[in-house]
Every structure is written in C-alpha cells, then in structure tokens.
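[1] Any chance you could fold what I've pasted below:
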Amino acid sequence: MAQNIYDNPDFFAGYSQLPRQVHGLDGAPEWPAIRALLPDVAEKRVADLGCGLGWAARWFREQGAASVAGFDLSRNMIARARAGTSDPAIDYRIADLEVLDLPEAAFDLVYSALAFHYVADFDRLMRMIHRALAPNGNLVFTIEHPIFMAAAHPHWTLDEDGRKTWPVNGYSVEGERRTDWLARGVLKHHRTLATTLNTLIGAGFALRRVEEFAPTTAQIAEMPALAEELERPMMLLVSAQKA
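    Got it, this is the predicted structure:
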C-alpha cells in the first residue's frame, strides 16, 4: 500500500493552504502547459488518478466530458472533493494506485497530476492504464521531475558565485526518497527520465509530447518568485497515446 501522507492532519492542513488548492487549477503555474497537452474531452470518459480535491475532475466536465471517475488514496481528499462537487457524472472513489485495477477499455483519457511519483511499481501501473484505455485513448500526467527529486537532501544551495543551485546526486540510483515537506518522512519513488519514458514505451504507449515545465516570462513578471524555477525543472509533463 502506498504511504497515505495526505490523511496526516498536519500535512493535510498545510497542503490545503497551497495556492493550487485554494485557487484551483488557476493557482498551478503549470496548468496552461498541461492544458496544451490535453485532447478534446467532449463526450469522453475520463479517469483522474490522484484526483485530490476534484479541481481537474470538475474542469473536465465543464469541457464536456461524458463522465469522470476520480481516484485518491486519501479519505480527506475524497471527502473534500465530494463536498465541492454536485455533478452526478463525477464519481469519486478511495483507491490505492499501487493496486488499482480499472476495467478494460473503460476510459478515453487517463489523467494524473503529481501522483505517480508516490507509486513504487510504475511498470504495473502503466500496463494497467494501457489496458484500461480504449483504442487510441490518451494518457496525460505530471510528476516531480527526476532531477528535482533525485537528491537525498533536495533544497537550494548557493554556488561559488552566490547563485542558487539545486543538488543532483544519486540520480542513477533509483528507488525510495524520503523528504520533509509539510510533514516529516514523505515517501516518493525516484526513477530516471529514461526509465520513466521507456516504461511507457514498454507498456505499449506512443509518446506524443514531453515537457519539462518552466515558467513563462509573463508568469515571472506576475509572480517574480517563479524565476528560480528556471534553474532546474521541477515537473515533468507527459502526453502519450495507446498504440
């Protein structure tokens, strides 16, 4: 079973105050880049893996999706998602992505935002998603970038010139990483960029687009704190299609 850090009261309290949770999708700087990867969802059946508070699920329905099934391990997340949703075409379910088994060819799009790096068996997950997609179905997901999460102690330091720099050590040593973020000992699973993409190919996906998120000039002008994100990619955005 995956670590259920989101039901830790202190973690969830802090997480709920993040701009992307207070303001929804518009509070996530990477959202415009994600939106550019998404196919037309009109009349499509969508699965949202790691659906959180339901922001994306509701957005998919606003864009005309026929139905959305949201899955999350956290009871706190599912409770808040249900409380914020009055649409009978959205169904939220408590589920562990480590063992989730979706019906064959049941969805046209599988979407996930910042959840797959919590999953140990990425290969099993990708093969299951491939089976669950209809022919020519799409998978769009984001994860923490392998460069961002590789180091044992991921945090900014200063180089010899006084410039912020991010450590990249142990990059080729895949496996567990534990960090202190809103709570101590948050468990994630590091995989190299090559492993991530080759696992998709091995599961039968054709890659459509890969993006290493960086803020735009306009975003930095509006929120100068985002400038540091140009120093290293924090997120990997992937669009793939069932071949």
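
[2] Could you give the number of residues near residue 50?
    For residue 50, the neighbour count with other CB atoms under 10 Å is 25. Yep, even glycine has a C-beta here, placed from its N, CA and C like the rest.

[3] Was I right to think it contacts residue 98?
    No: applying CB atoms under 8 Å, one finds residue 50 not in contact with residue 98, separated by 11.9 Å.

[4] Quick one: end-to-end length of stretch 43-57, please.
    Taking CA to CA, to the nearest Å, stretch 43-57 runs 14 Å from one end to the other.

[5] Just the CA coordinates for stretch 221-229, please, in PDB.
    The C-alpha trace of stretch 221-229 is given here as PDB (Å, rounded to 0.1, in the frame of the first residue of the first chain):
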ATOM      1  CA  ALA A 221       6.500  39.100 -14.300                       C
ATOM      2  CA  GLU A 222       3.300  38.400 -12.500                       C
ATOM      3  CA  MET A 223       5.000  36.300  -9.800                       C
ATOM      4  CA  PRO A 224       8.700  37.000  -9.500                       C
ATOM      5  CA  ALA A 225       9.300  34.100  -7.100                       C
ATOM      6  CA  LEU A 226       8.800  31.800 -10.000                       C
ATOM      7  CA  ALA A 227      12.100  32.900 -11.600                       C
ATOM      8  CA  GLU A 228      14.000  30.300  -9.500                       C
ATOM      9  CA  GLU A 229      12.200  27.600 -11.400                       C
END
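
[6] you'd agree residue 170 is up against residue 152?
    Yes: Residue 170 is in contact with residue 152 according to CB under 8 Å; the separation is 6.2 Å.

[7] Give me the neighbour count for the nearest residue to residue 163 once chain neighbours are set aside.
    Nearest residue to residue 163 in three dimensions, chain neighbours excluded: residue 231, at 8.0 Å (CB to CB, 6 or more residues apart in numbering). Look at residue 231: counted by other CB under 10 Å, it has 13 neighbours.

[8] residues touching residue 231, list them.
    163, 164, 165, 166 (CB atoms under 8 Å, 6 or more residues apart in numbering).

[9] Where do the helices of this structure begin and end?
    Remark: helices assigned in the chain by DSSP state H are 9-15, 19-22, 31-37, 55-62, 75-83, 122-132, 146-149, 193-202, 217-222.

[10] What angle do helix 75-83 and the fourth one make with each other?
    It stands for helix 55-62. 30 degrees (axes from the mean of the first three to the mean of the last three CA atoms, to 10 degrees).

[11] buried ones in helix 55-62?
    55, 56, 57, 58, 59, 60, 61 (16 or more other CB atoms under 10 Å).

[12] which regions of this structure lie under the pLDDT threshold?
    For the chain, the stretches flagged by pLDDT under 70 are 1-8, 10, 12-23, 181-184.

[13] cutoff 80 now
    1-24, 180-185 (pLDDT under 80).

[14] Sheet partners, orientation included, of the longest strand along the chain?
    Once the chain is assigned using DSSP state E, the strand that runs over the most residues is strand 133-144. Using DSSP bridges, strand 133-144 pairs in its sheet with strand 107-113 (parallel), strand 235-242 (antiparallel).
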